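**Q** Build me a model:
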Amino acid sequence: MTVGIIAAIPQELQHLRGVLAHDRVSETGGFRFDHGTLDGIDVVVAEAGIGKVNSAMVATLLASRFGADPLVFSGVAGGLDPELAIGDLVVAERAIQHDAGVIEDQRLQVYQAGHVPFFNPTDRLGYALDPGLLEAARRALAGLELAPLSSRAGGVGRPPRVVFGTILAGDQYIHCEATRERLYRNFTAQAVAMEGGAVAQVAERLGVRWLEIRALSDLAGRDSRIDFAAFVDEVAASSFAALKRLLPTVA
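**A** Down below sits the predicted model:
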């Protein structure tokens, strides 16, 4: 089984590419795919770029052209849960696209992506992680000890936590405290990013599994623009450490 690994930006892939035993590089659709092995496991690695369309394109190519299963998105995200801190790791139990839905009375009523209530209604909201994959991830990450972040990287004097929860996706970079509070209040989600929900949607449609791992690079709405630029390299290492731990159990 080949594992497809997706990241949005170079900083999220630099740790992985540094240890990947390369076999070959291919290009399709304007994307680069690195083929090789990581700790003896066949992987195809791709930098998708930012946003849901880019990640959906790469996820489709990984699954349909290269036979990847599962599709794993590894990277950084903004924190929503006030109990979490920069560097904490969130593994998605559920992925929701928070910018999809119906606008009425100037307000967005979030609805399942690809559906509207008056045409193809559904009771679902978001995409749940495969139960077997969720259990494997919980076992693999139990007891994982991540190195505390430096003070420069926003460390709070404790090792990063690993939590499971909801990760939101939307084609917006959140730099607004009121929006952070609203998203947490409406979804009780742990993190927000710009890609994972689209990967989950593609994976379900193509009948493959998916997994999303995010290290918090900033607290969305609290100087997130400044935090992200300063801290992304160090917190991306946490996501990579979890990915290496998970690979043997999901391949």
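**Q** quick one, what contacts V208?
**A** 63, 68-71 (Cβ atoms under 8 Å, 6 or more residues apart in numbering). Backbone N, C-alpha and C define where each C-beta goes, glycine included.
**Q** so how many other residues sit close to V250?
**A** V250: 20 surrounding residues under other Cβ atoms under 10 Å.
**Q** mind listing which of the contacts of V208 are in helices?
**A** Using DSSP state H, the members of these that fall within helices are A63.
**Q** for the contacts of V208, which one is nearest H22?
**A** Distances from H22 to the contacts of V208, taken as Cβ to Cβ, are shortest for A68 (16.7 Å).
**Q** follow-up on the earlier one: tabulate the contacts of V208 (JSON lines), appending distance to T188.
**A** As requested, the contacts of V208 are exported to JSON lines (distance: Cβ to Cβ, whole Å):
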{"residue": "A63", "distance to T188": "30"}
{"residue": "A68", "distance to T188": "31"}
{"residue": "D69", "distance to T188": "30"}
{"residue": "P70", "distance to T188": "25"}
{"residue": "L71", "distance to T188": "25"}
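**Q** Mind pulling the model confidence for A153?
**A** On the pLDDT scale, A153 is placed at 67.
**Q** now for the contacts of V208, which pair is the farthest apart?
**A** Largest pairwise distance in those, by Cβ to Cβ, is 9.4 Å, between A63 and P70.
**Q** which residues do these two both contact?
**A** What both A63 and P70 touch, as defined by Cβ under 8 Å, 6+ apart, is the set 4, 203, 208.
**Q** quick one: secondary structure of the last one?
**A** Pointing back at V208 there. coil (DSSP: H, G, I helix; E, B strand; the rest coil).
**Q** cool, and the second one?
**A** Following three-state DSSP, we place A203 in the helix state.
**Q** after the helix or strand A200 falls within comes which helix or strand?
**A** Using DSSP states H and E, A200 sits within helix 196-206. Using DSSP H and E, the helix or strand that follows helix 196-206 towards the C-terminus is strand 210-219.
**Q** Report the angle between whichever helix or strand comes after that following strand and strand 210-219.
**A** Note on strand 210-219: by DSSP H and E, the next helix or strand toward the C-terminus is helix 224-250. Helix 224-250 and strand 210-219 are oriented at 150 degrees to each other (axes from the mean of the first three to the mean of the last three Cα atoms, to 10 degrees).
**Q** Buried residues, helix 224-250. List them.
**A** For helix 224-250, a neighbour-count test (16 or more other Cβ atoms under 10 Å) marks 224, 227-228, 231-232, 234-247, 250 as buried.
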